[in-house]
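Asks: Okay, predicted coordinates and the sequence, questions at the end:
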Amino acid sequence: MTDDVPTPEASREASSDAAAARDRIFLVVVDATEEMRGALRFACRRARRTDGRVALLYVMEPADFQHWMAVEERMRDERREEAERVLQGLAADVNALTGKMPVLYVREGSPSDEIVKLIEEEPKISILVLGAGTDKKGPGPLVSSIAGKMSGGFPIPITVVPGTLTLEQIDALS
């Protein structure tokens, strides 16, 4: 007859696995596309099922108006205010779907560069969730860049949610 009493090491490993699941962060890049909504829904559903969290990254394009520094700063401030407004609205949606407030990030630069930098800085980010566009030109520049060219050396798994999926289909998958 065997004892099914876990050893202290097994208990620590189970606790560690549970803590790792709680620390799992699903990163979604925020933009104005419809496919971002599908990616966000998928990330929220997965985070809720795995006791993880969602992080939202809004990347502002850099200002290229160097003639008048005051005008450039004003434009940057307006873009930052817009980013914060969008993120706050999405944060309420994430909280409703997951029961947890998301982690919010605003960066300025190239989206693919800023995603890589953020992942390097934040080790708890464990999955990048992107939405693929349905345009005949392809899935979109971000998906093409990250899931295509960079995917072999990317530091975390990438989930690409097809833009053709309905919310019901996303719910069934996640």
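Replies: Arrived safely, thanks for sending. Fair warning: this is a prediction, and the values are worked out from it, not measured in the lab. Residues are numbered from 1 along each chain as shown.
Asks: would you say residue 131 is within a helix?
Replies: No: counting by DSSP: H, G, I helix; E, B strand; the rest coil, residue 131 is not found in a helix; it is strand.
Asks: The residue nearest to it when sequence neighbours are not counted: how many residues sit nearby?
Replies: In this structure, residue 131 finds its nearest non-sequential neighbour in residue 35, 3.1 Å apart by Cβ to Cβ, 6 or more residues apart in numbering. Glycine gets a C-beta too; all of them are placed from N, C-alpha and C. Residue neighbour count, defined by other Cβ atoms under 10 Å, stands at 24 for residue 35.
Asks: what's the answer for residue 41, then?
Replies: Neighbours of residue 41 (other Cβ under 10 Å): 23.
Asks: one step back: tell me the mean pLDDT over whatever helix or strand the residue nearest to residue 131 lives in?
Replies: Assigned by DSSP states H and E, residue 35 belongs to helix 34-50. Here helix 34-50 scores 96 as its mean pLDDT.
Asks: Buried residues in it, which are they?
Replies: Buried residues in helix 34-50, counted by 16 or more other Cβ atoms under 10 Å: 35-48.
Asks: Turn those into CSV, columns for distance to residue 139.
Replies: Conversion of those to CSV gives the following (distance: Cβ to Cβ, whole Å):
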residue, distance to residue 139
35, 8
36, 12
37, 15
38, 12
39, 11
40, 16
41, 17
42, 15
43, 17
44, 21
45, 21
46, 20
47, 23
48, 26
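Asks: Out of the residues you listed, the closest to residue 157 would be?
Replies: residue 46 (11.4 Å; Cβ to Cβ).
Asks: Report the contact partners of the nearest residue to residue 142 once chain neighbours are set aside.
Replies: Once flanking residues are discounted, residue 142 sits nearest to residue 111: 5.6 Å by Cβ to Cβ, 6+ apart. Residue 111 sits next to 29, 59, 142 when contact means Cβ atoms under 8 Å, 6 or more residues apart in numbering.
Asks: can you tell me which of those are in helices?
Replies: Counting by DSSP state H, these place residue 142 in helices.
Asks: Of the contacts of residue 111, which is the nearest to residue 115?
Replies: When the contacts of residue 111 are compared against residue 115 (criterion: Cβ to Cβ), the nearest one is residue 29, at 6.4 Å.
Asks: Could you report the neighbour count for the closest one?
Replies: Neighbour count for residue 29, taken as other Cβ under 10 Å: 26.
Asks: Might one say that it is in contact with residue 43?
Replies: No: the pair residue 29 / residue 43 is not scored as a contact, 10.4 Å apart, by Cβ atoms under 8 Å.
Asks: ranges for the strands of this structure?
Replies: Along the chain, counting by DSSP state E, strands occupy 25-30, 53-60, 103-108, 125-132, 158-162.
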